[in-house]
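# Got a predicted structure here, sequence first:
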Number of protein chains: 2
Amino acid sequence: MKSENKTTEDIIRAWLPEEKGLQKTVIEAMNYSVLAGGKRIRPTLMREAYRLFGGEEEVIEPFMAAMEMIHTYSLVHDDLPAMDNDTLRRGKPTTWSKYGEDMGILAGDSLLTFAFETAAKGFSLSAYPERTGRAIAVLAEKAGIYGMAGGQVVDVEKTGHPVNAEELDFIYRLKTGALLEASLMIGAILAGAGEEAILSMEKIGRNAGLAFQIRDDILDVISTEEELGKPIGSDARNEKTTYVTLFGMEAALAETSRLTAEAIAELDKMPGDTGFFRDFLKKLENRTK
Amino acid sequence: MKSENKTTEDIIRAWLPEEKGLQKTVIEAMNYSVLAGGKRIRPTLMREAYRLFGGEEEVIEPFMAAMEMIHTYSLVHDDLPAMDNDTLRRGKPTTWSKYGEDMGILAGDSLLTFAFETAAKGFSLSAYPERTGRAIAVLAEKAGIYGMAGGQVVDVEKTGHPVNAEELDFIYRLKTGALLEASLMIGAILAGAGEEAILSMEKIGRNAGLAFQIRDDILDVISTEEELGKPIGSDARNEKTTYVTLFGMEAALAETSRLTAEAIAELDKMPGDTGFFRDFLKKLENRTK
């Protein structure tokens, strides 16, 4: 199939490991976790960024799949009994509750490792090994202690404790923002974009991650259970520090607008059609669920 | 310090993350785990292989550290309550028992991710991005479901169940052998060795891993508690399938000799001084603890 005719879902599926061999159970658990649903936001953003900067190689495909594997591993480990102890995700049993706690740990580990194994296959699909190498570096950095995992650590440590503004910013920026930053940056890097454009993509990702999190806090107050599909007011009941509890509703709404406007100003510097990203940012700012 | 004057330990320490920032706890847990001891066999083998093929760049250093981080992550997760539930390793509290189960999971995840972040720094330390890229691919492949993690999965699934010869070979080859293979291969790859030499190094690693495991089975029968530093006869008491229970002591001794001789025959094809590897293989074959 020609690359442009493949959906993001097609691409992710094509790079999953085959369910065979003596280690079949863990591969089933890995694929179950990835295929349990999700909006595929990160690989879609990556692909759009790649297109924006004129990328035409197949190298983007293993990176799209790798990004979704890393996002999935983080959910699989978050759900573990020693973490959030969740038995359901998107209406289906979580990986550990279906395959056992040991397989939950191993499936997460294996998804994380397989993400890098998959990304490294990009070297044979690109004429630019430096770009592929840098994309792997960004993938690791934004997934690790200076990225998503760092945010997760502080979030875990602060559960049940008061959080100050600096800590809240750190958690929001890293836990959600880091992989959005990486997705946009990797698309740009693999397409050969210039340094300034790569930095702009990082900023757009950071702002989108923050706006997403603050909007979550807002919706927990102003939405309805019907609209949101889950109980509202849970942050207040759990005495959770959010952007709204720290700074108030008005400031929260102003901040999501500011973050969105700032991201759109970065898009104004870009060549080509940035309509996809504008729509994405506007939807994030105004989403009701 | 000039590269040749640094010990393996110096190199590993130099690439560990700094203990600062809001995510400091997990960084402390990562460094605690890596610095809890260990013989540094894998990075030492990697460095010797690099030297054997004339490697002179600094790129080997982040890969040595990355290999030890991956080995360490596997121990940290193996020790978790849902896995082996070990509270002590080398006489010290295991990571989870010191930092909590959630931090144990996150420290393992972070070490695994940081290993790739560290290895990717190799791109700026080498004039050969293709070599660095291939070394990252080998690192991921040998750590993942077709390597160490695959062996670990089957080992976990078979605990308390009978194991046949094919399964035992799979577990032994992957659980220990895969990272030894990767260490030797990465040293050769980064130094620019030819394909045949890289395959030879892989074979030496595989044989060394198998010989190491079978020797473990032998020592559990013929050693003494004083010599081994732990109770002997535990395999028989736990009705564990080992190479000795499957094939008998004579066959086990013959197989370690055969594996060692085969590995040494590969060394005979190599240029330069292979004394280090010969000594290593002979010590593995005849070790008493």
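Nice, I can see it.
# Output the below-cut-off pLDDT ranges for chain A.
Scanning chain A for pLDDT under 70 picks out A:1-2.
# Any buried residues in the longest helix along chain A, and which?
Using DSSP state H to define each element, chain A has its longest helix at helix A:195-222. Neighbour counts using 16 or more other CB atoms under 10 Å in any protein chain shown place A:197-198, A:200-220 of helix A:195-222 among the buried residues. All C-beta spots, glycine's among them, are computed from the backbone N, C-alpha and C.
# Could you do stretch A:3-13 as well?
Buried residues in stretch A:3-13, counted by 16+ other CB under 10 Å: A:Lys6, A:Thr8, A:Ile11, A:Ile12.
# So which bits of stretch A:37-57 are buried?
So, applying 16+ other CB under 10 Å, buried residues of stretch A:37-57: A:38, A:40-53, A:55, A:57.
# now that stretch, how far from the centre of its chain.
Offset of stretch A:37-57 from its chain centre (CA atoms, centre = their mean, to the nearest Å): 12 Å.
# Pull out the C-alpha coordinates of it and format them as CSV.
Output in CSV follows, covering the C-alpha atoms of stretch A:37-57 (Å, rounded to 0.1, in the frame of the first residue of the first chain):
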residue,chain,number,x,y,z
GLY,A,37,-8.0,1.6,21.5
GLY,A,38,-6.9,5.2,21.8
LYS,A,39,-7.1,8.2,19.6
ARG,A,40,-3.5,7.7,18.2
ILE,A,41,-3.0,11.5,18.7
ARG,A,42,0.8,11.3,19.0
PRO,A,43,1.6,9.3,15.8
THR,A,44,-1.0,11.4,13.9
LEU,A,45,0.7,14.6,15.0
MET,A,46,4.1,13.1,14.1
ARG,A,47,3.0,12.2,10.6
GLU,A,48,1.4,15.6,10.0
ALA,A,49,4.6,17.3,11.2
TYR,A,50,6.6,15.1,8.8
ARG,A,51,4.3,16.1,5.9
LEU,A,52,4.4,19.8,6.9
PHE,A,53,8.2,19.8,6.3
GLY,A,54,8.0,17.8,3.1
GLY,A,55,9.0,14.4,4.5
GLU,A,56,8.6,11.6,1.9
GLU,A,57,10.4,8.5,3.3
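# Is there proximity between it and chain B?
No - Stretch A:37-57 does not reach chain B (CB under 8 Å from any CB of the partner chain); its nearest approach is 14.7 Å.
# wouldn't A:Leu284 be in contact with A:Thr260 here?
Yes - here A:Leu284 lies in contact with A:Thr260, judged by CB atoms under 8 Å, at a distance of 7.1 Å.
# Return the subset of the buried residues of stretch A:3-13 lying in helices.
Assigned to helices by DSSP H, the following of those qualify: A:Thr8, A:Ile11, A:Ile12.
# Tell me the one among the residues you listed nearest to chain B.
Nearest to chain B out of those is A:Ile12 (CB to the nearest CB; 17.0 Å).
# just to revisit the earlier point, any chance of the ones in helices among the buried residues of stretch A:3-13 in JSON lines, plus distance to A:Leu179?
As requested, these are exported to JSON lines (distance: CB to CB, whole Å):
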{"residue": "A:Thr8", "distance to A:Leu179": "15"}
{"residue": "A:Ile11", "distance to A:Leu179": "17"}
{"residue": "A:Ile12", "distance to A:Leu179": "15"}
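# Which elements pack onto the longest helix of chain A?
helix A:165-172, helix A:178-190, helix A:234-237, helix A:243-247, helix A:249-268, helix A:275-286 (3 or more CB pairs under 8 Å, 6 or more residues apart in numbering or on different chains; DSSP states H and E).
# would you turn the ones you listed into JSON lines with distance to chain B and mean neighbour count?
Shown next, in JSON lines, are the helices and strands packed on helix A:195-222 (distance: least, CB to the nearest CB, whole Å; neighbours: other CB atoms under 10 Å in any protein chain shown):
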{"stretch": "helix A:165-172", "distance to chain B": "5", "mean neighbour count": "18"}
{"stretch": "helix A:178-190", "distance to chain B": "11", "mean neighbour count": "28"}
{"stretch": "helix A:234-237", "distance to chain B": "21", "mean neighbour count": "12"}
{"stretch": "helix A:243-247", "distance to chain B": "16", "mean neighbour count": "19"}
{"stretch": "helix A:249-268", "distance to chain B": "20", "mean neighbour count": "16"}
{"stretch": "helix A:275-286", "distance to chain B": "25", "mean neighbour count": "16"}
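# shared neighbours, A:Leu284 and A:Thr260?
The contact sets of A:Leu284 and A:Thr260 overlap at A:Ala211 (CB atoms under 8 Å, 6 or more residues apart in numbering or on different chains).
# residues in contact with whichever residue of the stretch 151-289 of chain A sits closest to chain B?
Closest contact between the stretch 151-289 of chain A and chain B, by CB to the nearest CB, is at A:Val153 (4.3 Å). Listed by CB under 8 Å, 6+ apart, the contact set of A:Val153 reads A:Ile145, B:Gln23, B:Thr25, B:Val26, B:Met103, B:Leu106, B:Ser110.
# ok, the fourth one touching A:Ala149?
Yes - distance between B:Val26 and A:Ala149: 7.2 Å, which falls inside the contact criterion (CB under 8 Å).
# what do the two both touch?
The contact sets of B:Val26 and A:Ala149 overlap at B:Leu106, B:Ser110 (CB under 8 Å, 6+ apart).
# With adjacent residues omitted, what lies nearest to A:Tyr50?
Nearest residue to A:Tyr50 in three dimensions, chain neighbours excluded: A:Gly187, at 4.0 Å (CB to CB, 6 or more residues apart in numbering or on different chains).
# Relative to A:Lys203, how far out is the one you found?
Applying CB to CB, to the nearest Å, the value for A:Gly187 to A:Lys203 is 14 Å.
# and what of A:Glu48?
16 Å.
# can you check A:Glu141 too?
Distance of A:Glu141 to A:Lys203, computed by CB to CB: 16 Å.
# coming back round to it: list the contacts for the residue nearest to A:Tyr50?
Counting by CB under 8 Å, 6+ apart, A:Gly187 touches A:Leu45, A:Met46, A:Arg47, A:Glu48, A:Ala49, A:Tyr50, A:Arg51, A:Leu52, A:Phe53, A:Gly55, A:Ile60, A:Met201.
# where do the helices sit along the stretch 51-200 of chain A?
In the stretch 51-200 of chain A, the helices defined using DSSP state H, counting those that start in this stretch lie at A:60-78, A:95-99, A:101-120, A:129-143, A:148-158, A:165-172, A:178-190, A:195-222.
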